[in-house]
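>>> give me a 3D structure for the following:
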Amino acid sequence: MLYMVRKIILFAMLLAGIVVPNASAQKIAVKSNLLDVAVGTLNLGMEFGLTPKWTLNVPLSVNPWRFGSGARYCHWGAQPEVRFWFSKGSTRFSQNFTRFNRAFVGGHLHFASYNFGNWPDWVVASDNMKQSRYQGYLFGGGISVGYSWILKRRWSIEVSTGLGYTRVHYEKYPCSECGSKLKESGKNYFGPTKASVSLLYMIK
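Below is the predicted model:
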């Protein structure tokens, strides 16, 4: 299953490479989710203008950190999203600026691989997360809404939130390096699947 998820991610990135160069009136923005940065997750995204009202957003994130005493908070993920923008008309920065401005709705997919657990006595850590380690992958999709404000000609700030479905597969281990698997299972999740406050820079 993880092999298939990786194939889907590669296909999404290949599709972006094929579609975007042929998009009319192309625009490209680079962005970073400040909420991920706040919790130590490295992330970078690109959003491509497809038509005057449609864009393709492709954010990637990775967290490689390991802490003392075997604690882990490692994961990587991708959440490609197609967006429709409601804005129309001109702004003081651009004529007929209908993308990357004001309200939008979107449909997203998400994929991630993770390895975390054996956390110290953190406030957010449950007893289970302090005593065990989990590794596995997840995938799913959902819908989102958001809003973008133009700050300057090339700079914007964007907020977005989403709901959807996630299938989580996990393996449970007693410690960070132990090979004796305690449990393997999966869960279905319905609820929030996205939250972002992103800083954007228009490069084209």
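>>> in this structure, what residue spans correspond to strands?
28-33, 42-49, 54-63, 72-78, 81-85, 102-117, 133-150, 155-173, 183-202 (DSSP state E).
>>> reformat those as a markdown table; add mean neighbour count.
The way it works is simple: take the backbone N, C-alpha and C, and place the C-beta from them, glycine included. Listed next are the strands of the chain as a markdown table, based on neighbours: other C-beta atoms under 10 Å:
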| stretch | mean neighbour count |
| --- | --- |
| strand 28-33 | 20 |
| strand 42-49 | 19 |
| strand 54-63 | 20 |
| strand 72-78 | 19 |
| strand 81-85 | 20 |
| strand 102-117 | 19 |
| strand 133-150 | 19 |
| strand 155-173 | 17 |
| strand 183-202 | 15 |
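>>> now those as a markdown table including mean pLDDT?
Shown next, in a markdown table, are the strands of the chain (pLDDT from 0 to 100):
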| stretch | mean pLDDT |
| --- | --- |
| strand 28-33 | 94 |
| strand 42-49 | 94 |
| strand 54-63 | 94 |
| strand 72-78 | 85 |
| strand 81-85 | 96 |
| strand 102-117 | 92 |
| strand 133-150 | 93 |
| strand 155-173 | 93 |
| strand 183-202 | 93 |
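>>> excluding chain neighbours, what is closest to G164?
G142 (1.7 Å; C-beta to C-beta, 6 or more residues apart in numbering).
>>> beta partners for the one you found?
In this entry, G142 is beta-bridged to H108, G164, by DSSP bridges.
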